[in-house]
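Sequence and computational prediction follow.
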Amino acid sequence: MNISESDKTWKIGSANVFADLDMPDAQEKLVKAELAFKINQLIKRRKLKQINAAALLGVDQAKISLLNCGRLSSFSIERLVKYLVLLDQDVEIVIRKSRRKKNHQHGTLSVVYE
């Protein structure tokens, strides 16, 4: 069946694809994805093979493979932050009053790179 251009529906997403897909814990999933992206970037920049990255981070090669493939359910945010520190990164956690005023929503969790 052919679909014409006029039959297509497009929706502009937010900054969080996990929220757009109505996934539970969307904010946490996005933070994990951003941390894993940075870890993978650092491993690649250092030209580390998975076995060498695993030794550096104190895990087995299978964990590095999962991290590389974006399979993050077995990783906590705390563990990912630990990996960043082991990769010679300074990690700062900043807590400030939420800027959200509507409907007494909770604060947000985000990752900022420098």
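That came in fine, so what should we check first?

Please spell out which residues along the lowest-mean-pLDDT helix or strand in the chain are buried.
Ranked by mean pLDDT, DSSP states H and E, the weakest helix or strand in the chain is helix 17-20, scoring a mean of 88. Using 16 or more other C-beta atoms under 10 Å as the test for burial, helix 17-20 gives residue 18. Quick note: C-beta positions are derived from backbone N, CA and C, even for glycine.

Using PDB, write out the CA atom coordinates for that helix.
Output in PDB follows, covering the C-alpha atoms of helix 17-20 (Å, rounded to 0.1, in the frame of the first residue of the first chain):
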ATOM      1  CA  VAL A  17      12.900  10.500  23.600                       C
ATOM      2  CA  PHE A  18      12.200   8.200  26.500                       C
ATOM      3  CA  ALA A  19       9.400  10.500  27.800                       C
ATOM      4  CA  ASP A  20       8.100  10.900  24.200                       C
END
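
can you list contacts of that helix?
Identification of contacts with helix 17-20 by C-beta atoms under 8 Å, 6 or more residues apart in numbering yields 13, 14, 25, 26, 27, 29, 30, 33.

before we move on, what SS does the second one have?
Secondary structure assignment for residue 14 (DSSP: H, G, I helix; E, B strand; the rest coil): coil.

what's the neighbour count on it?
Using other C-beta atoms under 10 Å, residue 14 is surrounded by 9 other residues.

Next one, pLDDT for it please.
Looking at residue 14, its pLDDT reads 85.
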